[in-house]
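mind looking at a prediction? Sequence and model below.
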Amino acid sequence: GENVEQHPSTLSVQEGDSAVIKCTYSDSASNYFPWYKQELGKRPQLIIDIRSNVGEKKDQRIAVTLNKTAKHFSLHITETQPEDSAVYFCAASRPPGGFKTIFGAGTRLFVKA
Amino acid sequence: DTAVSQTPKYLVTQMGNDKSIKCEQNLGHDTMYWYKQDSKKFLKIMFSYNNKELIINETVPNRFSPKSPDKAHLNLHINSLELGDSAVYFCASSQAGGYTEAFFGQGTRLTVV
């Protein structure tokens, strides 16, 4: 069945460093790739997303890249801050309507002050 | 106003009992979901409904029965609860039509003892 692999499962960085989380998807029909951040005890919330017709998207310190050929997409966080500490989930969604969104297993990011 | 709300937030119950979790969204979305998040934080889709119709049933035991009385509500009833059902259950909603983020409820932490 469809699968989204996410690495690493845990990532520890020093404040100010960059963090990169990578995902691979198996369903070639996937066309929408959102990233969610889940702080401790809270709900997942969208932080950035990318569509299959775009290779890169940036929003301040966060950027996402997509390689459709290789079925890889990555989240890049620059100048990390302690408040970036959370669990990050990548996801892949296929049409129509995102009825079936498959999540990666999550990456627990620790940013040390 | 809370966009996606689910009740209760915490639920502690004994094995063998039957329990329900309720979910309501006021975003006008067509699609609603139930996700299960286990102790390892893995988010797994259970059900997806579009306009009150079941779209996705991800090989969930038939002890779990979703019910959507209208587009704004998706409730989850669980019969004969087992220890392995202990998890956080998230309701979510999104607009149909692709490229849409999912808005999550605050989660229901179910503990079966």
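Happy to help now that I have it.

partner strands of the lowest-mean-pLDDT helix or strand in chain B, with direction?
None of the helices or strands of chain B scores lower by mean pLDDT, DSSP states H and E than strand B:53-57, at a mean of 80. Note on strand B:53-57: by DSSP bridges, its sheet partners are strand B:43-50 (antiparallel).

for the partner strand, which positions count as buried?
Buried positions in strand B:43-50, judged by neighbour count with 16 or more other CB atoms under 10 Å in any protein chain shown: B:43, B:45-50. C-beta here means a position set from N, CA and C on the backbone, and glycine is covered the same way.

residue B:61: which of the residues you listed is nearest?
Nearest to residue B:61 among the buried residues of strand B:43-50, counting by CB to CB, is residue B:46 at 10.0 Å.

related to what we said a few turns ago, mind putting the buried residues of strand B:43-50 in a markdown table, distance to residue A:111 and pLDDT included?
As requested, the buried residues of strand B:43-50 are exported to a markdown table (distance: CB to CB, whole Å; pLDDT from 0 to 100):
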| residue | distance to residue A:111 | pLDDT |
| --- | --- | --- |
| B:43 | 22 | 88 |
| B:45 | 29 | 87 |
| B:46 | 32 | 91 |
| B:47 | 35 | 90 |
| B:48 | 34 | 88 |
| B:49 | 37 | 88 |
| B:50 | 38 | 85 |
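
export those residues to a markdown table and tack on distance to residue B:78?
Output for the buried residues of strand B:43-50, formatted as a markdown table (distance: CB to CB, whole Å):
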| residue | distance to residue B:78 |
| --- | --- |
| B:43 | 18 |
| B:45 | 16 |
| B:46 | 11 |
| B:47 | 12 |
| B:48 | 18 |
| B:49 | 17 |
| B:50 | 22 |
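
from these, which is closest to residue B:107?
residue B:43 (10.7 Å).

identify the residues contacting the residue nearest to that closest one when sequence neighbours are not counted.
Among residues not flanking residue B:43 along the chain, residue A:103 sits closest, at 4.2 Å (CB to CB, 6 or more residues apart in numbering or on different chains). Listed by CB atoms under 8 Å, 6 or more residues apart in numbering or on different chains, the contact partners of residue A:103 are A:4, A:36, A:89-91, B:35, B:42-45.

what pairs with residue A:103 across the strands?
In this entry, residue A:103 is beta-bridged to residue A:91, by DSSP bridges.

so how far is chain B from residue A:82?
Using CB to the nearest CB, to the nearest Å, residue A:82 is found at 20 Å from chain B.

skip the chain neighbours and tell me the closest residue to residue A:62.
Spatial nearest neighbour of residue A:62, chain neighbours left out: residue A:48 (5.2 Å); criterion: CB to CB, 6+ apart.
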